[in-house]
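>>> Just need the structure, nothing else, for what follows:
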Amino acid sequence: MSSTYSIWPVFLIPYNLPPWICMKHTSLILFMIIPGKQMPGNNIDVYLQPLVDELRELWNDGVKSFDSSLNETFRMRVALMWTISDFPDLGILSGWNTHRFSFLTCNFDVEPCHLPHRKKWCFMGHRRFLSRNHKFRLNRVHFDGSTEIRNPPLKLSRSDIFRQVENITVTFGR
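Sure thing, here's the model as predicted:
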């Protein structure tokens, strides 16, 4: 936390290998290092654009590859399966406000709680995912002094999520 410099490594992992091979350090591909004194914020698009361009090309056109076991060539295509990042990075990559709406599963149905001595926010709605008769739902002593009577949040469909984000305009950096 006291460092004045930060780097973001971007690794690619080929998942067409067996799990005991693809997670070894010899299989990781360091695609790029994003340098900077601070996190890139909305300038992340500048750094990730080459990766996005290559992934589009490899998805649409593929690349001619050789299969040594069959001794033949084939057109290999690739897809981005997921990203793994910490919480602030998730906000940057997804465009989601992780400061105010940290608990992604709850969407806008979240009640943040301010911790006055720490000057931070926390999210105490986790007990609502327990079964209705779970003993922790009514336990005031070990939690924040309240009981939890709310139901879990409704799951959103793709169209619901799209309606939420379709009119968002993002001002990218450079």
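
>>> Would you mind naming the residues that bridge with F123?
Here F123 sits in beta bridges with P112, going by DSSP bridges.

>>> Which residue, neighbours along the chain excluded, lies closest to Y47?
I34 (4.7 Å; Cβ to Cβ, 6 or more residues apart in numbering). Yep, even glycine has a C-beta here, placed from its N, CA and C like the rest.

>>> what sits against that neighbour?
The neighbours of I34, taking Cβ atoms under 8 Å, 6 or more residues apart in numbering as the test, are 7-10, 40, 44, 47.

>>> again, 6 Å this time
8, 40, 47 (Cβ atoms under 6 Å, 6 or more residues apart in numbering).

>>> Out of the residues you listed, name the ones that lie in strands.
If you go by DSSP state E, those have W8 in strands.

>>> Can I get the buried part of the contacts of I34 as one ChimeraX selection?
Buried members of these, defined by 16 or more other Cβ atoms under 10 Å, are picked up in ChimeraX with:
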select :8,40,47
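
>>> Identify, from the contacts of I34, the entry nearest to P112.
Nearest to P112 among the contacts of I34 is P40, at 26.0 Å by Cβ to Cβ.

>>> still on that earlier bit, got JSON lines for the contacts of I34, with distance to L130 and pLDDT too?
Converted to JSON lines, those look like this (distance: Cβ to Cβ, whole Å; pLDDT from 0 to 100):
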{"residue": "W8", "distance to L130": "36", "pLDDT": "79"}
{"residue": "P40", "distance to L130": "38", "pLDDT": "72"}
{"residue": "Y47", "distance to L130": "41", "pLDDT": "80"}
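
>>> Format the contacts of I34 as a markdown table; extra columns: distance to R118.
Listed next are the contacts of I34 as a markdown table, based on distance: Cβ to Cβ, whole Å:
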| residue | distance to R118 |
| --- | --- |
| W8 | 27 |
| P40 | 27 |
| Y47 | 33 |
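
>>> Return the per-residue confidence for the closest residue to P35 other than its chain neighbours.
What sits nearest to P35 in space, not counting adjacent residues and going by Cβ to Cβ, 6+ apart, is I7, at 5.4 Å. As predicted, I7 sits at a pLDDT of 80.

>>> pretty sure L55 belongs to a helix, no?
Yes - counting by DSSP: H, G, I helix; E, B strand; the rest coil, L55 is part of a helix.

>>> show me the contacts for it.
L55 touches L80, counting by Cβ under 6 Å, 6+ apart.

>>> Pull up the gap between it and A79, please.
8 Å (Cβ to Cβ, to the nearest Å).
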